[in-house]
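Undergrad: Sequence first, predicted coordinates after that:
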Amino acid sequence: MSAQPFRLPAGGRIDRSRPLAFRFDGKPYTGFAGDSLAAALLANGVRLVGRSFKYHRPRGIFSAGPEEPNALVRLRREARAEPNTRATMIELFDGLEAESQNRWPSLGFDLGATASLFAPLLPAGFYYKTFMAPRRGWMFYERFIRAAAGMGRAAEAPDPDHYEKRHAHCDVLVVGGGPAGLAAALAAGRTGARVLLVEERAELGGALRREAAAISDAPAAEWLAATLAELASLSEVRLLRRATAFGYYDHNLVAVLERVADHLPEPPPHRARQVLWQVRAPQVVLATGAIERPLVFAGNDRPQVMLASAARAYLNEFAVAPGTRAVVFTNNDSAYATALDLRRVGIRVTAVVDPREGSGGDLPRRAREAGIECRFGHAVLAARGRSRVSAVEVASLGTAGHEHGDNLDCDLLCVSGGWSPTLHLHCQSGGRPEWNEALAAFVPGRSKQAERSAGAAAGAFALVDCIAGGLRAGAEAAQAAGFGTGVAPPAPDWPRESAAPLRPLWSVPARRWLKSFVDLQDDVTAGDIGLAAREGFVSVEHLKRYTTLGMGTDQGKTSNVNGLALLAEKRGEAIPAVGVTTFRPPYTPVAIGSFAGRETGRHFEPIRRTAMHEWHESAGAAWIEAGLWLRPSCYPRSGESEREAIRREAVAVRQGVGLVDVSTLGKIDIAGPDAAAFLDRVYANIFSNLPVGRARYGLMLREDGIVFDDGTTSRLAEQRFLMTTTTANAVRVMQHLEFLLQTVWPELRVAATSVTEQWAAMALAGPKSRDVLARAAEGVDVSDAGLPHMGVRDGRIAGVPVRIFRISFSGERAYEINVPADWGLRVWTALLDAGRESGIVPYGMEAMGILRIEKGHVAGAELDGTTTAADLGLGRLVAMKKPDFIGRHMLARPALADPRRPRLVGFVPVDGATRLRAGAQIVADSRVPPPVPMIGRITSAADSPTLGHPIALGFLEAGASRHGETLHALFPLADQWVPVRVVDPVFYDRAGERLHG
Amino acid sequence: MVERRSALEGAARPGDFGTPAAGGPGVILGERRSLAIVQVAALGERDAAVRGGIAAGCGVAPAAEASRAARGGGTAVLWSGPGRWLVVAAEQPGSDLAARLEAALATAPAVVTDLGHARTVLRVSGPSARDLLAKGCPLDLHLRTFPVDACAHSLLGHAGTLIHAVDAVPSFDLYLARSYARSAWEWIEESAAEYGCRVVAPADLTGSG
Amino acid sequence: MARYSIFSLARHALRHHEDWPRAWRDPQPKPAYDVVIVGGGGHGLATAYYLAKNHGISNVAVLEKGWLGGGNTGRNTTIVRSNYLLPANARFYEHSLKLWEGLSRELNYNVMFSQRGVLNLAHSDAQMDAYARRGNAMRLNGIDAVLLDRDGVRDMVPQLDFSAAARFPIRGGLLQPRGGTARHDAVAWGFARAADARGVDIIQNCEVTGILREGDRVTGVETTRGTIRAGKIGLAVAGHTGHVAAMAGLRLPIESHLLQAAVSEPLKPLLDTVVTSGAAHVYVSQSDKGELVFGGDLDFYNSYAQRGNLPAIASFTTALIALFPGFGRLRLMRHWGGVMDMTMDGSPIIGKTPLRNFYIDGGWCYGGFKATPGSGWVFAHTIANDAPHPLNEAFSLERFASGHVIDERGAGPVPGAH
Amino acid sequence: MLLIPCPFCGPRDQIEFTYGGDATLTRPDPATASEEAWAAYVYLRDNPKGPHSEYWHHHAGCRAWIKVRRDTLTHEISASAAATAPLAGEAGKP
Ligand SMILES: Cc1cc2nc3c(=O)[nH]c(=O)nc-3n(C[C@H](O)[C@H](O)[C@H](O)COP(=O)(O)OP(=O)(O)OC[C@H]3O[C@@H](n4cnc5c(N)ncnc54)[C@H](O)[C@@H]3O)c2cc1C
Ligand SMILES: NC(=O)c1ccc[n+]([C@@H]2O[C@H](COP(=O)([O-])OP(=O)(O)OC[C@H]3O[C@@H](n4cnc5c(N)ncnc54)[C@H](O)[C@@H]3O)[C@@H](O)[C@H]2O)c1
Ligand SMILES: Cc1cc2nc3c(=O)[nH]c(=O)nc-3n(C[C@H](O)[C@H](O)[C@H](O)COP(=O)(O)O)c2cc1C
Ligand SMILES: [Zn+2]
């Protein structure tokens, strides 16, 4: 491990008693607890950190915050690797590993940098103008473009960490823990309001952390300590650190990402790596501070060109000397603090270069008093050097671009082009930024939601103004949320530092072959902006998309204002006329995993389980998904394939008896004086004449006449029905009934309640089903007279009450048994016990599917939302004599009444052996070239064990009249072609004799 | 009475797990079993008769406002929607709550529906109970906005749930659809681990608060 | 039109790119045009281009309320495919796909059409059957389609979750190898430049605020830049179809809904195919610049806001992680929304209206980017001939009343359900 | 994310609701309505850019269908009511 040659001997907020080891590009270094990775790299003299997106130019550390465009690294290793991570925002931890990106073979020697040689051929949008030939040529070029583009490399393995989401509520949400935010939280907190303050950094204090004044100057430091202490004492105030408010959504919902464990090697047991907070706050205070702007001049992208405020952060917060000889280039007073701070720790400040003719502000005065050379009326024309700055060329502004200036040696160039209030959340909330001429910056406009900005975010740059503004915002927000009087506590009466106005300087004219960067991350130069404007991309949105300005991971935090100011110059218009691009969430990039929270793996969607689920599991069921439910598809015995099991189960039902879990069917209790009338309007067929104790198959249409759902509905009492629905539509049917009852026919006195969860349900089917039931059931006459087909009776099995419906889906005699769910397993096992001597088998969905296909019953594949009752062969059920029911009035439309519509038919292979597949298309002539007219399709297919040959259901144009015809079932995806004969869709027991015994 | 088999049979095992805070587990979790749960739905707008019938049938009159529970003698009447209440009581041999309500409401414009097996009821309590629920429930469960005997239908993750604040510990009863109960339980256990969680036996949670 | 090529690029490099001409002019609106196209998205611009090129009608203005390409053309996930089941859709989108295959050269503008394949994942047997039905229909219609089993999918996209723990196991998928992606902005710019070169006036910052009618005939538009007379008016305003048609007094079978999408940070190549899952409700591809581009379902309520909400974002990112557990640490960089004109059967409306000289191209739901050249082609034909092209005959407004809906998913008259 | 004021439960998160579409549509009188009236009811929408009366179902809450007036441009909600009650400033449904 090497020493830290650039660590200052004293000062900073780091913990020198806790040295930490880390590696960058494989090389070992040390830093201290409290360092950011960027600070630790600088302390070790590492200046070159990455390569740029397009030209692979060397890049260093530019900022000390979330706005960082350059210093993106791949953090951690293997499954925990995180590409594109800003070194400025990584808290150092012991064992941290990071590597540089977008370079090959190494950071120092990067072959990609040859791109710079071709740079003249690669202006903005060059790819639109070439790579067009030959016809599929792009597929060739694209490979190289893709490999060259992109930044970091993703991890290859699943993320080993987990994430959480949580909802949160408060009266006042404060975003930002700088002086303004803390003051707002204090003022609001004192009223008793519930306050949540979120701060992106690990420590509170905001800009105060980096300002020497606030560290050494007693009043500011005391104010901070006292404020934090009081906030800690307020029980309804919560301060959340390492938490970034990244999205401001409708109705004051703010999304916050808390980085719980990113500062640790890995999350502690049971803790999430990150938590996504969804905060609903009646009032929001945005105290997000301001971001310093760079200046645009030739070579301004070289490592060691750094924001002036960042240099202060490295000096004061981290006790790191970012260089040894510095030049400061600024158009405003604030960067003079950097010059003073550099000087204070003994770093030579060669000059402060300032395009203004002078400044009467306090800081420049103090700089002059300290003997720092101030070159007013001057600008930096170019930064020189290769992998870091070695000198800058300075000239008087009037001559820039024409004459050579003075070369000043330096290894650090601190720049400040003014400050941009951090408006992202305000704009996301619907606010439109307003241009403030004096600050040469956009400030928040009128609020569209219940939010207000305070401090630097509101364009107040003096500390006392930030505190006063924060107190005011906090008090007002609390009052608006119903707490306190709205009167702000008094602000400290410190004298305000005087500052001279800044002078906007959007770019320093440069020689044509030199590049002045506007967007450091996406390598967008001032020249690119000129080109875009010349070619007519003069809308700021076109500029953005044509040049990719502001489209990188930093979303243009340091580049957007400069870019649009340059566009305004080209257009000869004022900046506000050009406008800004849309601010979109997230404020800073957010791990995709955090949006998912715990909803990964088995919790992606819950599994619904029936009361017999565990029995199925222990019986070795193979599962099939039905919505959220898992249902047994079959129960393979040892040594048996699934196909064999399915066949065995189907045969068992046809020849003996089987038991199947049908609990997932929707069940709806429909009761009240108008229940029967309601069902008459909901179903296409009639229910009002159904006698008590009987069940009937019902067909539900959509209002457009297409079949919606089907199921049996039973009359349990004069005013009470039990409706069943398909598993797939259970939720939708319930919602549909509630809609009709509450909005269309509110006069009907009917209550509909879902009782799907109340009842476990199972079907006992097969010629021996009555024997089994007779053995198991008590208190009910199961003879054909006592319980006829479509009859419903109450009884008991295994000592618990059950309801028995004699209905059949298989075509065999069958009973459906409903039992309160907690007793479902009990009755299931009782029936199996009672059936043992009859050879009962449990059967699954697949066997059930075969049985219903043999019987020609339609199911999901046929009820696909495009078929009418007539298409399904169920036209006779539709009771047109009823004056009204859902779907009645649109049935006669030409397309629905067309006799050529595809109708349900059966298909069998002409050779009696070749299996048919669902999804095959039916054609009359298989030899025509595409497009081949398709006259039908196969929807469900089975290898019928009962009939001994393959069968299928499907639809065929005018199918009802075509039984006996020979056609072709085509499955070109598998190169299959099967001649088929059209037959009646009921393959088995057409007369329905087996239902009765 | 024949014993019922809970949807959580085999899943809910008493014991401690996770990372408790110094003061002990942050969450105490258990299932409330053997409850009779009956829904009463009023037909039409005038529900005074229905309220009276409920009071007569179970001994507790529904609270006057929406989103409130009324309790007495081990019975709770929870508002569950406009004109709808859930009546909850411990199952007692020989006394069928649904039948009692049915009888008391025989002439009222109301429909009585037994939902006793349709819901799995959990009790979540402890100092971290709110933090735990906040992971899946969008309601503001702060005592100011969700006082004792507030009740509301909402979500817990993907599962619909009726939440009832039973005391200021805080403790909450969650009424979950039976088929979702096991997934929800697993979700709760995983989510509670960071606070330290104690699962208690069902017997410790009978009664209605 | 100055031709673009590697040679012109080199020539201009010597002059520091200082005299590239404008890609398109910025004309003042004239008082009258033979045809006014409302909407400067891909469809409007393509229509103007083909009016000039195929039908010799170049006295045409395209009126755009903002910046051209700023509507859904500028905010879609750029998937281009023709993997449709129903004959009307299959034929139309296949025609469009064929145009895509020659588009860069046609326009002399690289639209970066990348035929990297579009893969629809199946998670259940029922879904496999549905895809088989669709794939078979595609093949019989002369469209490329491949049905992949689980191993076939694994070979193509090994990053997908094939573990036992997957909540939605992957059974297989339907692949259209000729499908892919294109650079969305370039499509708008390429058509704009090519249409401009043929004399079309492209007028930005010109919002249509009213439609002039004489009886059952339209005669012009009111705009924020004055009144403009028009022999014929073609509407190509996507999400705003309902709103603008109402200016002419028409009610349409359309609701405007929000659709959101997102991009990750730029990454080195890691996904070479477009992957979609209907069951998990997500689709994803990687752009040439390196971001994962992904989206999912609607926000499910009427909206013209072009700004969506968190639940939809959470839902499709969650689905993305369910399919690709390795994407969890990648970061979402930006998300945005677009306004979709959802029809009552999920298929577009291209054709005549009850008003004379008034034509509509709309109802694109979330699938109209891939239609851009095809739709421009048939819409230009419809306007030029006052009669639909055979490829858009089925997409009439009358189909709803008559019941001849083109409902690929059988979702019925619920606009959000398609 | 929307915060929808349920007239029965108070303001609740959007995720508890299902959208139900245009609430100004009235199912035609089955005795008298023409085919066109039915087609218009099922298919045609005003689809306004601005205030929109719409149904929401509080499916994860009280299960009431409610009416809400929401601006489709700003998403601002200005009124809500039970399904059968008029929204503030609106005549009741016959
Ligand atoms: C998030 C998202 C993802 C999508 N993904 C895909 C996909 O992967 N594949 C796919 O094929 N499709 C996709 N789409 C759909 C596709 O983007 C659109 O269908 C298609 O771009 C529509 O093109 P257009 O030219 O008709 O509309 P637009 O590009 O929206 O153009 C319409 C133009 O009309 C203008 N306009 C509106 N009103 C007026 C007025 N009054 N006066 C003047 N001008 C007006 C608008 O400003 C706009 O520029 C997606 C859409 C979105 C939002
Ligand atoms: N001299 C100048 O020209 C000048 C200019 C700007 C600021 N300043 C100084 O900066 C300070 C401004 O105080 P302030 O409180 O307004 O701002 P601040 O910069 O001190 O604090 C803002 C805080 O908000 C946090 N933050 C920003 N966005 C966030 C988000 N989305 N989520 C969570 N946290 C977020 C930041 O991490 C920061 O800690 C004052 O001391 C002022 O004097 C001076
Ligand atoms: C295919 C595609 C790729 C995109 N890639 C990026 C990107 O790399 N960086 C970025 O900032 N935005 C990207 N965007 C989003 C745009 O910045 C922008 O959000 C989107 O076009 C919608 O416009 P608006 O946000 O200005 O309303 C992309 C958009 C699309 C459609
Ligand atoms: Zn409600």
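TA: Sure, I can see it. Residues are numbered from 1 along each chain as shown, chains lettered A, B, ... in the order given. Ligands and ions are numbered 1, 2, ... in the order given.
Undergrad: does any part of stretch A:899-910 sit near chain C?
TA: No - Stretch A:899-910 is not in contact with chain C by Cβ under 8 Å from any Cβ of the partner chain; minimum separation 10.1 Å. To be clear about C-beta, it is placed using only N, CA and C from the backbone, and glycine gets the same treatment.
Undergrad: Using CSV, write out every CA atom in that stretch.
TA: Taking C-alpha atoms only, stretch A:899-910 is exported to CSV below (Å, rounded to 0.1, in the frame of the first residue of the first chain):
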residue,chain,number,x,y,z
PRO,A,899,-73.3,-17.3,-41.7
ARG,A,900,-69.7,-17.7,-43.0
ARG,A,901,-68.3,-17.1,-39.5
PRO,A,902,-66.0,-19.8,-38.2
ARG,A,903,-68.1,-22.3,-36.2
LEU,A,904,-67.0,-24.9,-33.7
VAL,A,905,-66.3,-28.3,-35.2
GLY,A,906,-64.3,-31.4,-34.5
PHE,A,907,-61.4,-32.6,-36.4
VAL,A,908,-59.9,-36.0,-36.7
PRO,A,909,-56.8,-37.0,-38.7
VAL,A,910,-57.7,-38.8,-41.8
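Undergrad: So what's the gap between that stretch and the chain middle?
TA: Centroid separation for stretch A:899-910 versus its chain: 45 Å, with Cα atoms, centre = their mean, to the nearest Å.
Undergrad: Name the residues of it that are buried.
TA: The neighbour-count check on stretch A:899-910 (16 or more other Cβ atoms under 10 Å in any protein chain shown) flags A:R901, A:P902, A:R903, A:L904, A:V905, A:G906, A:F907, A:V908, A:P909 as buried.
Undergrad: Let me know the closest of the residues you listed to chain C.
TA: A:R901 (10.1 Å; Cβ to the nearest Cβ).
Undergrad: contacting residues for that closest one?
TA: Applying Cβ atoms under 8 Å, 6 or more residues apart in numbering or on different chains to A:R901 gives the contacts A:T868, A:A870, A:D871, A:A895, A:E957, A:A958.
Undergrad: one more time with 6 Å, if that's ok
TA: A:D871 (Cβ atoms under 6 Å, 6 or more residues apart in numbering or on different chains).
Undergrad: What strand or helix carries residue 20?
TA: No chain specified, so I'll use chain A. Here A:L20 sits within strand A:15-24, counting by DSSP states H and E.
Undergrad: The intended chain is chain D.
TA: Using DSSP H and E, D:G20 maps to strand D:18-22.
Undergrad: what about that strand, average pLDDT?
TA: What strand D:18-22 shows for mean pLDDT is 97.
Undergrad: And chain B, is that strand touching that?
TA: No - applying Cβ under 6 Å from any Cβ of the partner chain, one finds strand D:18-22 separated from chain B by no less than 12.2 Å.
Undergrad: Residue of the stretch 251-400 of chain C nearest ligand 4, please.
TA: Nearest residue of the stretch 251-400 of chain C to ligand 4: C:Y301, at 16.9 Å (Cβ to the ion).
Undergrad: make that chain B, sorry
TA: Closest point on chain B to ligand 4, by Cβ to the ion, is B:G81, at 7.0 Å.
Undergrad: Show me what the strand holding D:G20 is packed against.
TA: Helices and strands touching strand D:18-22, by 3 or more Cβ pairs under 6 Å, 6 or more residues apart in numbering or on different chains; DSSP states H and E, are strand D:51-57.
Undergrad: So which bits of chain B are right by chain D?
TA: Within chain B, the positions adjacent to chain D are B:A66, B:G81, B:P82, B:P138, B:H153, B:L155, B:G160 by Cβ under 6 Å from any Cβ.
Undergrad: again, 7 Å this time
TA: Contacts of chain B with chain D, taken as Cβ under 7 Å from any Cβ of the partner chain, map to B:A66, B:S67, B:G81, B:P82, B:P138, B:A152, B:H153, B:S154, B:L155, B:G160.
Undergrad: farthest pair in the residues you listed?
TA: Spatial extent of those (Cβ to Cβ) is set by the pair B:P82 and B:P138 at 20.3 Å.
Undergrad: Now the residue located most distally from the centre of chain B. Its backbone dihedrals?
TA: Largest separation from the mean C-alpha position in chain B: B:A22, at 29.6 Å (Cα atoms, centre = their mean). Note on B:A22: backbone dihedrals following degrees, to the nearest 10 are phi -60, psi -40.
Undergrad: how far away is it from A:D493?
TA: Distance of B:A22 to A:D493, computed by Cβ to Cβ, to the nearest Å: 44 Å.
Undergrad: What is the subsequent helix or strand relative to the strand holding D:G20?
TA: Downstream of strand D:18-22 (by DSSP H and E), the next one is helix D:35-43.
Undergrad: Kindly export stretch C:375-389 (C-alpha atoms) in PDB.
TA: Output of stretch C:375-389 as PDB, limited to C-alpha atoms (Å, rounded to 0.1, in the frame of the first residue of the first chain):
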ATOM      1  CA  SER C 375     -48.900   3.900 -43.000                       C
ATOM      2  CA  GLY C 376     -47.400   6.800 -44.900                       C
ATOM      3  CA  TRP C 377     -47.600   4.700 -48.000                       C
ATOM      4  CA  VAL C 378     -51.300   3.700 -47.700                       C
ATOM      5  CA  PHE C 379     -52.500   7.000 -46.200                       C
ATOM      6  CA  ALA C 380     -50.900   8.900 -49.100                       C
ATOM      7  CA  HIS C 381     -52.700   6.600 -51.500                       C
ATOM      8  CA  THR C 382     -56.000   7.100 -49.600                       C
ATOM      9  CA  ILE C 383     -55.700  10.900 -49.700                       C
ATOM     10  CA  ALA C 384     -54.600  11.000 -53.300                       C
ATOM     11  CA  ASN C 385     -57.300   8.700 -54.600                       C
ATOM     12  CA  ASP C 386     -60.100   9.500 -52.100                       C
ATOM     13  CA  ALA C 387     -60.200   5.700 -51.700                       C
ATOM     14  CA  PRO C 388     -58.300   3.300 -49.500                       C
ATOM     15  CA  HIS C 389     -55.500   1.200 -50.700                       C
END
